[in-house]
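J.: below: sequence and its predicted model.
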Amino acid sequence: MIRSHLLFLLLVVGLILSTAALAEDHGDHEESVVLSESVIKEFGIELATAGPGTVSRWVSLPAEVRPNRDRLAHIAPRFPGLAIEVRAEIGDIVKAGDTLAVIEASQSLAPYSLKTLIDGVVIEKHVTRGEPVSQERGALFTVADLRDVWIDLSVYQKHLSELAIGQRVRISAGHDLDEAGGTISYVAPIINEETRTATARVIIANPDGVWRPGMFVIARVEVQQVDAAVVAPISAIQRVEGKDVVFVRDEDKFVPRPVTRGREGEDSIEILDGISTGDVFVTKGAFTLKSELARGELAGGHGH
Amino acid sequence: MQRIIDFALASRLLLIGLGCLIAAAGYRSYQQLPIDAFPDVSPNLVQIFTVTEGLSPEDVEKYVTYPVETAMNGLPGLERVRSVSNFGLSVVNVYFYDDVDIYFARQIVNERLQEAREQIPEGFGDPAMGPISTGMGLVLFYYLEDTTDRYSLTELRTIQDWLVKFHLQTVPGVTEVLGIGGYEKQFQVRVHPENLLRYDITIAQVIDRIRENNLNVGAQFLERNSEEYVVRSVGLASDVDDLENVVVKSQDGTPVFLHEIADVEIGGAIRRGVQTRNGISEVVAGMVVKLFGTNSSTVIGEVEAKLSEINVILPEGLRLVPYYEQKTLVEACVRTVQSALIQGIVLVAIVLMVFMGALRPSIVVALSIPFSVLFATLGMGWFGLSANLMSFGGLAIAIGMMVDGTIVMVENVDRHLRQARPEEPNTQVIARACGEVARPIVFAISIIVIVFLPLFTLEGVEGKTFRPLAYTVALAMAGSLLFAIVLAPIASDLLLRRPRGDAKEVWIVRRLVAWYEPLVSYFVRRRGVAALCALGLLAVGAIAFPFLGSEFTPRLQEGTIVVRLSMAPSISLRESTRVTQIVERRLMNVPEINGVVTRIGRGEVGAHTDPINSAEMYVLLQPQSEWRSASTQEELERVIRDELGEVPGALVNFTQPIAMTVDELLEGVRAELAVKIFGDDLDVLADTAAEVAQVVRGVNGAADVQVDQVAGAPQLVIRVDRQAVARYGLNVAEVQRTIRAAIGGETAGEIFEGIQRFPIYVRFAPEYRNSTRAISNLLVAAAGGARVPLSELATIEEIVGPRQITRENNQRFITVQCNVLDRDIGSFVAEAQAAIDSTIKLPPGYLVSWGGQFRLQQEANRRLSIVVPLTLLIVFLMLYSSFQSVRSASLILLNIPLALVGGVVALALSGQDLSVPASVGFIALLGIALENGMVLVTYLNQLTSDGVPIEEASVRGACLRLRPVLMTAATTALGLFPLLFSTGTGSEVQRPLATVVVGGLASSTVLTLLVVPALYAWFVPSATSSVERTP
C-alpha cells in the first residue's frame, strides 16, 4: 500500500521533471558541435579556408595506338615483275630514298629499285624473293613514321556531348610505361554501328617508339576545367538529413552549413552557395562531426 | 518418532555405516560436479544464421529471414521467434520453453530448415544452426601475438583458421572456435575492364573459364602386370601462377591468359569485423565456444593445456594470448563461496563451543555440517545441478541452519544428562531427551524446506538463477534432518558424557539467563508493554519499507569491464576502426588498465552478429590489489568513464561479458530496460522510437538511453531500366550479373593448399568500382559486341536505408534501451510508462511493450504474490497439525512480521534494494523465525500441560529455552556473516540475502525471547486440546 503511494508520488514528481526537461530541451536546441582543440587533433580533423580554385573532371576511355595515317607510306611496284632482291625487313628503320627491294620488270627485264618515300619504320611487308609483283597486288611495304602516333579513343554516346577538340588527355598503358599527354585533335562525326562508339583522336609524340600501334591504352580526358569562386574537397561534404552540408567553424563551434553543389571534379567540387571565401571549414574528418551531430540529436531531442 | 530414535540407537553400527556411505557418495559426487560461475540463465534457444554476402537488410528480410521465420511457426514447445536482418546476415532466434530438450529442439528446427531452404532463392545463402551452446558458452578469447612483426594480417588469420582453430576444436567440450580479425586469405582476380574490352570477353566468361580450369578428375584404373593403377588427372590450380595462366580465350591460335586481363594476387577477403589492440595494432583473435552442458572449468582447463601445446608448434615469434577467460570468474566465484563456507563453519564451531561449554557436544553438532553438505552435494549430482555461485551460496546460507536441528537435539540431551538420575543408563536418557524434541525438529526443518518452495516455482531467468539455491538449501536441510533424527542420537550416545558432579550450565549461559530472567518476567507481567514494543517495531518496519528501492538482481561483478562503442550506422569499417583505436588509446591512459582488446563488428558467424559500427572493448585490468584510483569495479568504471570523456560521434556503454551475451539472448538488448515498439513501417517505428527515447531520457535516473539504430545506412540503389535494357537487346539478369561480379565480386572456385582451401574471388580492380561515377561507367556487354555503360541501362541513386530489421513473432519492431542509475527500475518504469502514455500518440497498429530486467522482476513478483501466501497457508496447517491448536500456530506465525521488520530495517540501513536475493532472504528468514517460535512454544505448551501456571511457565520456559534459541540464531547469523562482509566476486548477489536474514534474525530472536513468552498467556491452548505427548 505504502509502496504504491510512494510510486504515485514519484510518478507525479517525475512527470513534472520530465516535462520541464523537455521544455528546456526545445528551448535551446541548436545544431552545432563543440570540440576541444585536443579532440580535433586526436580525431585528425583538418580545416581549410574557403577560396577560389579549379575544378577539373576526367573521363576514362579505352583507346588504341595507331600509326599516324598522315605519316604513312605504302610502297608499291610501278611495273609488274619479279622481286629479285628484298632488302628490308619488318622493323627496319629506313630513310627516304632507301631501297627496300629490287624488282625485275617483266617487260624490260631490267631491275629497278623500290624506294621508300619517307623516313620511318617498315611495319608491313608483303613480298618474298622470287615472287611476282604487280600494281594490282598492292603495296609491298608499309613504312610508317612513328615519331608521333595516333591514339584513337572509343567514345560512348553519353560522353560525346562532353568531349571537344582541344581538351587535355593523359594516356597510360599500364605495365610501367610512363604516361603521355596530348590534346584531342579530332572527334569523328559518325558512330560505329557495331560498338556504338565514336572515335576521338589524340596525336602524341613517340620519339622512343614506346607507343606501339595496336597497343590498348586508357585515355583520361579532362572534360571539364573551370575556375570557381569557392572550391572544396569532396570529402568536406556530408549528407545530413538529406541535405549536403559543410561544417564551418564558428569560434569553438562547428556549424553544419547547407551548401549547393556546383560543378563536380575528381576530388573537389565547386560550392555555389553556403560558404563564402574566408570561411574556415572542415576538409577532413567531417564524418566525425556528422555522427556527433546525429548523436547529439539522439541525446537532446529531435525537435519534433 | 520415539521409535525411530530407539531403532537408531539399537542399530547404531548399521546406521553409522550408512551415514559414512552417504558422506562418501556425497564427496564423490562433489568431485564430479560441473563447476560454473553462475547458474546458466540463457534461454532455451536455437539460433539460425544465414550469411548472404552483399545483400541489403530489406532483401535479407524478404528472401531469407521471412521464409526461415515462417518455417519455424508452430513447432512444439516453441515460445517465440525473433529475428534480425542485417547487411548480409540473417539471424533467427527460435526460443523454446525451458523444458524442451535442446537436442530435440535442434532436430525439429533442422527438419523445418529443409523447408525454408527451398523457399530461399538460389545463391541467397544457406541457413545453418548456431553452435550448441548458451550465453555462457564463450569461455575463452585469445589473440595471436606476433612478436616478430614479420607476418601479415592475412598470414596470421590463416594460421588462426587452419592451425589454431583445428587443434582447439579437438578439445572435448569445445563446440566451435570462431576467428575474427585480420584478413581471410583469398586468391583475388582483379579484372581490368578495358582488357575485357580489348579481348572481347565478358566477366561472366572469365569466371566460367576459371572454374573450368580448376578441377581434378578421376578416371578409374589401369590394369598392368596384374596390378591396378588408379588414374587421376590433376588440373587443380595450386597457386597464383596457375591461375594467371588460365586461358580465358583463344584468338586465331593465340591464347589470351588470365594475367593479360587481370591482376592475380593473394589478398584479404571482404570483412565485417576487425580486432584491435591497445590502440596501436590490429590483431587476429579467436573465441572458444563451449558445448552446451559441459563443465566450464574442465573445458577451460583443457583448452588452456591445448593452447600451450599449440604455442609450441606455432611458427617462431607467434604466441596465443588469452585475454578473456571465464575461468577467472569461475575461480573467483568458487573462492568467494568457499571462503564463506569455511569461515561460516569456523564461526559456527566457535558459537557451539561458547554455548555448550564443552568439546564433545560441539563435535556432535559440528558433525552435522559436513554430513548435510555432503548429503546436499549427493543430491546435486542426482538432480544434475552444477556447482556455482548460487548453488554453493545456498550451502553457505544453510550452514547456520544445518546445525539447528542437532543443536536442539544435543542441547536437550545435554540438559537431560545433567538432570538425569545417576542410575538411569545414558542411552535411555538420550532416547528420552531426543524423543522429546524430535517431533518439533522434524516440523521445524520441514517448514524451512517448505518456505523455500516458492523458489521452485520461479521460472525463466529468476528461476534458473535461484532454483539451484533452493535445491541446495532444501537438500542440506533434509540432510541435517536425517542427521539430527538418526545420527545425532547415536553420536550423542557415543560421545556425550554425563557431567561430573557440577551439573551447572556454562557460565555464559548462566550469565545470560541472569540478565534475561528479570527482563522476561517484566514483560510477562506487563503484556501490554510487550505488545506495544512489538507494534512499535512493526511500525518502524513499515516506515522503513518504502525507502527500499527494487531491482531484479544486483549486478554481478564479473571482474571484466567491457566498454561498448556505438558509432554512426553509416560508418565504414575503416573509420570505425580508427575511432575505436583513438578510444583505445584514451583507455590506455588509465593506470589500472593493462591493455584493451576490441572486437569491431563480427567475425566468423556463430556468436556475435554485431554490425561494424559497434565495438566491444575488453579492458584488461591490473590485479585489484594494485589499483590506485579506485577500490571497486564500480568505482573504477567511474574513473574510466571520466577518462574517456565524450567520444565525438559515438555512444559509450559499460557492461560485462556474460551479462552482455545473456542479456542479448534474452531480449536482444544489452540494457536493463528495453522498450519495444512494434509496427510495420520502419520510418514510423524510427520516429516513434525517437520520441519514446526523448521521454525516457527525461525521467530521473535514466542513463545510456539508446534507440536501436535501425536506419541510417546509406545505399546506392541501381534500378535497371527495363526499356533501356530491351533497346540494347539485353535482359535484367545479364546486367545484374555484371553488377554483382564487377562491384561485389564473385567466387570462382577454390584453391587447395593441402587441406586448406581458399576462395578465388573475381572482381573488378578497385578503381573501376569505388565511386558512383566509376560504377555508372561500368560496361555491360550487349548483343553484337556493343558495350554499354551502366548509366545507359539503369538509374543510380543514393538513398538512406535501414541498417537492420528486427522482428519478433512475425512483426517488425524497434527497441529503445536504457539503464537505470541510482534508482530502482520498478519505479522508474512506472514513471516512464505514465510519461509515454500521456505524451505520445501511437499510430493505429503500433504497440509499445516493456522488457529487459524489469519484465523479469514483474514476472517474479506476480508468481511470488500467489505462491508466498499459499506457502504460509501450508505452514500454518503444518503448525496446526503439530500443535492441534489455532492459538499456538497463530502465536508462532506472529514471529513472521517481527522477523520481517529486522530484515527490512537491515536492508534500509545498509542502503540495499529489495531484490530477488533479498526476497529469498526473507523466505529463509520465515523458516528460521518459525523454527525459533516452535522450539519455544512447544516447550511452553509442555510446561502448561504439566500444570505449571501460565505466567511461571512463560518465564521458566523462556529461560530454559534461552540457550537453544540463542544458539540456533547465533549459528545461523554467524554462518552468514562471511557473506555479509565478503567483497569477492559474486558477493553482490549473496549480500542482500545475508543482510535480510541476519537483520531479521536479530529482531526475531529478541522478540521471540521477549514478546512470545509475554503474549503466550493470550495464546495458551485450552487445557483439553493440549496434545504434545511423549509416548
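T.: Alright, I've got the coordinates.

J.: which stretches of the chain aren't confidently modelled?
T.: Looking at chain A here, since you left the chain open. With pLDDT under 70 as the threshold, chain A has low-confidence stretches at A:1-30, A:175, A:296-304.

J.: not quite, go with chain B.
T.: For chain B, the stretches flagged by pLDDT under 70 are B:1, B:499-505, B:549-555, B:666-671, B:709, B:784-785, B:853, B:856-857, B:1021-1031.

J.: check the gap between the residue lying farthest from the centre of it and chain A for me.
T.: Each residue of chain B has a distance to the centre, and by C-alpha atoms, centre = their mean the biggest one is for B:D252: 69.3 Å. Noted for B:D252: a distance of 14 Å to chain A, by C-beta to the nearest C-beta, to the nearest Å. Where C-beta positions appear, they are placed from N, C-alpha and C, glycine not excepted.

J.: do B:A438 as well
T.: From B:A438 over to chain A the distance is 42 Å, taken as C-beta to the nearest C-beta.

J.: sec struct for that residue, please.
T.: At B:A438, secondary structure determined by DSSP: H, G, I helix; E, B strand; the rest coil is helix.

J.: please enumerate the strands of the stretch 101-250 of chain A.
T.: For the stretch 101-250 of chain A, the strands defined by DSSP state E, counting those that start in this stretch cover A:111-115, A:120-125, A:132-133, A:141-144, A:148-156, A:168-172, A:180-191, A:197-205, A:216-233, A:237-240, A:243-250.

J.: closest one to chain B among these?
T.: strand A:216-233 (4.3 Å; C-beta to the nearest C-beta).

J.: quick one: buried residues of that closest one?
T.: Going by neighbour count (16 or more other C-beta atoms under 10 Å in any protein chain shown), the buried part of strand A:216-233 is A:216-224, A:228, A:230-233.

J.: out of those, which touch chain B?
T.: Filtering those for proximity to chain B (criterion: C-beta under 8 Å from any C-beta of the partner chain) leaves A:216, A:218.

J.: would you list the phi and psi of the spatially most central residue of chain A?
T.: Central residue of chain A (C-alpha atoms, centre = their mean): A:W58, 3.1 Å from the mean position. Main-chain dihedrals, A:W58, degrees, to the nearest 10: phi -120, psi 150.

J.: likewise for A:G97?
T.: Main-chain torsions, A:G97, degrees, to the nearest 10: phi 100, psi -10.

J.: count residues in the vicinity of the nearest residue in space to it that is not next to it in sequence, would you?
T.: Using C-beta to C-beta, 6 or more residues apart in numbering or on different chains and skipping residues adjacent in sequence, the residue nearest A:G97 is A:K115, 5.5 Å away. Neighbour count for A:K115, taken as other C-beta atoms under 10 Å in any protein chain shown: 14.

J.: same check, this time on the one 10 residues further on
T.: One way to gauge burial is a neighbour count; for A:K125, by other C-beta under 10 Å, it gives 20.

J.: wait, a helix at B:R209?
T.: Yes. Under three-state DSSP, B:R209 sits within a helix.

J.: give me every residue that touches it.
T.: Shown in contact with B:R209 (C-beta atoms under 8 Å, 6 or more residues apart in numbering or on different chains): B:246-249, B:258.

J.: and if you look at B:V139?
T.: The contact partners of B:V139, taken as C-beta under 8 Å, 6+ apart, are B:288-290, B:296, B:299-300, B:303, B:325-327.

J.: from those, which is closest to B:G745?
T.: Among these, B:V289 lies closest to B:G745 (C-beta to C-beta), at 29.5 Å.

J.: what about the closest one, helix or strand, and which?
T.: Assigned by DSSP states H and E, B:V289 belongs to strand B:281-290.

J.: tell me the buried residues in the helix or strand that that strand is followed by?
T.: Note on strand B:281-290: by DSSP H and E, the next helix or strand toward the C-terminus is helix B:296-313. By neighbour count on 16+ other C-beta under 10 Å, the buried set for helix B:296-313 is B:296-297, B:299-300, B:302-304, B:306-307, B:310.

J.: do stretch B:578-598 as well
T.: B:578-584, B:586-588, B:590, B:592-593, B:595-598.

J.: please tell me how far A:V245 sits from A:R261.
T.: Distance, A:V245 to A:R261, by C-beta to C-beta, to the nearest Å: 11 Å.

J.: can you check B:Y1016 too?
T.: Distance of B:Y1016 to A:R261, given as C-beta to C-beta: 93 Å.

J.: and B:A630, how many neighbours does it have?
T.: Counted with other C-beta under 10 Å, the neighbours of B:A630 add up to 16.

J.: sorry, wrong one. I was asking about A:P80.
T.: A:P80: 15 surrounding residues under other C-beta under 10 Å.

J.: wait, it touches A:P132, no?
T.: Yes. Using C-beta atoms under 8 Å, A:P80 makes contact with A:P132 at a distance of 7.1 Å.

J.: intersection of neighbour lists for the two?
T.: Common contact partners of A:P80 and A:P132 (C-beta under 8 Å, 6+ apart): A:S106.

J.: can you show me the helices along the stretch 251-400 of chain B?
T.: In the stretch 251-400 of chain B, the helices defined using DSSP state H, counting those that start in this stretch lie at B:258-261, B:296-313, B:326-356, B:359-383, B:389-419.

J.: so which of these is nearest chain A?
T.: Nearest to chain A, of all the helices of the stretch 251-400 of chain B, is helix B:258-261, at 10.1 Å by C-beta to the nearest C-beta.

J.: counting contacts, what elements does that closest one pack onto?
T.: On a contact count with 3 or more C-beta pairs under 8 Å, 6 or more residues apart in numbering or on different chains; DSSP states H and E, helix B:258-261 meets helix B:193-199, helix B:203-212, helix B:240-244, strand B:247-251.

J.: need these in TSV with distance to B:Q990, can you?
T.: Output for the helices and strands packed on helix B:258-261, formatted as TSV (distance: least, C-beta to C-beta, whole Å):
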stretch	distance to B:Q990
helix B:193-199	68
helix B:203-212	63
helix B:240-244	61
strand B:247-251	71
